[in-house]
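A.B. asks: could you work out the structure for the sequence below:
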Amino acid sequence: MQSSETSSMEVEKLPPKPKFEPLKAHEISDGRVQFRKVSVPPHRFTPLKKAWMEIYTPIYEQMKIDIRMNLKARKVELKTRSDTPDISNLQKCADFVHAFMLGFEVNDALALLRVDELYVDSFEIKDVKTLRGEHLSRAIGRLSGKGGKTKFTIENATTTRIVIADTKIHILGSFSNIKVARDSLCSLILGSPAENGDKR
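C.D. replies: Take a look at the predicted model:
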């Protein structure tokens, strides 16, 4: 009984918890500007020019991150500002731009800015199975399906977005949904008929 009284007295003697205001982005980095650079592949340069304002506006106005295109280096450059509310915005914007470079539509890639816990996972067909020539072409055909039907079915069933760029596959979604989509795609690469891959 006495020990419980002693412990309660000790709790009462604890000083109040200090209250700290959240640090602003420029304060976290000691006032230094933080940078990110995203390379622009040759085949994405024209789509980037067409979609520039759709990419620029949410990054500059909503995320409060400066963005510019370095034509000489062929890179999109991003940096924090004094009014950037959260330092993590810089990485979110870099992920958004990178997703666009991989081939995702702007509206799909925008989810990386708006929703936490979204990722892009990439792998190559050869990571699953070594295929050459016609076998590789058929595997790519199985992944897309007639008119892209198989790919759309997997996307809708797993709430993901999938880009098939030659032998590379990129999946945008939550960690658990990416795993389900990847399992379906891998089964198709290994030779399962499209109907089986769709049922996962």
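
A.B. asks: tell me which stretches of this protein form strands.
C.D. replies: Remark: strands assigned in the chain by DSSP state E are 35-39, 65-70, 75-80, 119-124, 161-165, 168-173.

A.B. asks: could you pull out the buried residues of the last one?
C.D. replies: This points to strand 168-173. Buried residues in strand 168-173, defined by neighbour count with 16 or more other C-beta atoms under 10 Å: 169-173. C-beta coordinates here come from the backbone N, C-alpha and C atoms, glycine included.

A.B. asks: out of the residues you listed, the closest to Ser88 would be?
C.D. replies: Among these, Leu172 lies closest to Ser88 (C-beta to C-beta), at 18.3 Å.

A.B. asks: quick one: that closest one and Ala99 touch, right?
C.D. replies: Yes. Assessed by C-beta atoms under 8 Å, Leu172 is found in contact with Ala99 at 6.2 Å.

A.B. asks: any shared contact partners between the two?
C.D. replies: Residues within reach of Leu172 and of Ala99 at once, by C-beta atoms under 8 Å, 6 or more residues apart in numbering, are 108-109, 112, 120.

A.B. asks: now tabulate these in JSON lines and tack on pLDDT and neighbour count.
C.D. replies: Converted to JSON lines, these look like this (pLDDT from 0 to 100; neighbours: other C-beta atoms under 10 Å):
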{"residue": "Asp108", "pLDDT": "95", "neighbour count": "18"}
{"residue": "Ala109", "pLDDT": "96", "neighbour count": "25"}
{"residue": "Leu112", "pLDDT": "95", "neighbour count": "23"}
{"residue": "Val120", "pLDDT": "96", "neighbour count": "19"}
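
A.B. asks: between these, which is closest to Met69?
C.D. replies: Ala109 (16.6 Å).

A.B. asks: not counting sequence-adjacent ones, nearest residue to the closest one?
C.D. replies: Ala99 (3.9 Å; C-beta to C-beta, 6 or more residues apart in numbering).

A.B. asks: residues near the one you found, how many?
C.D. replies: 25 (other C-beta atoms under 10 Å).

A.B. asks: contact partners for Asn177?
C.D. replies: 158-160.

A.B. asks: for those residues, which one is nearest Phe45?
C.D. replies: Thr160 (26.5 Å).
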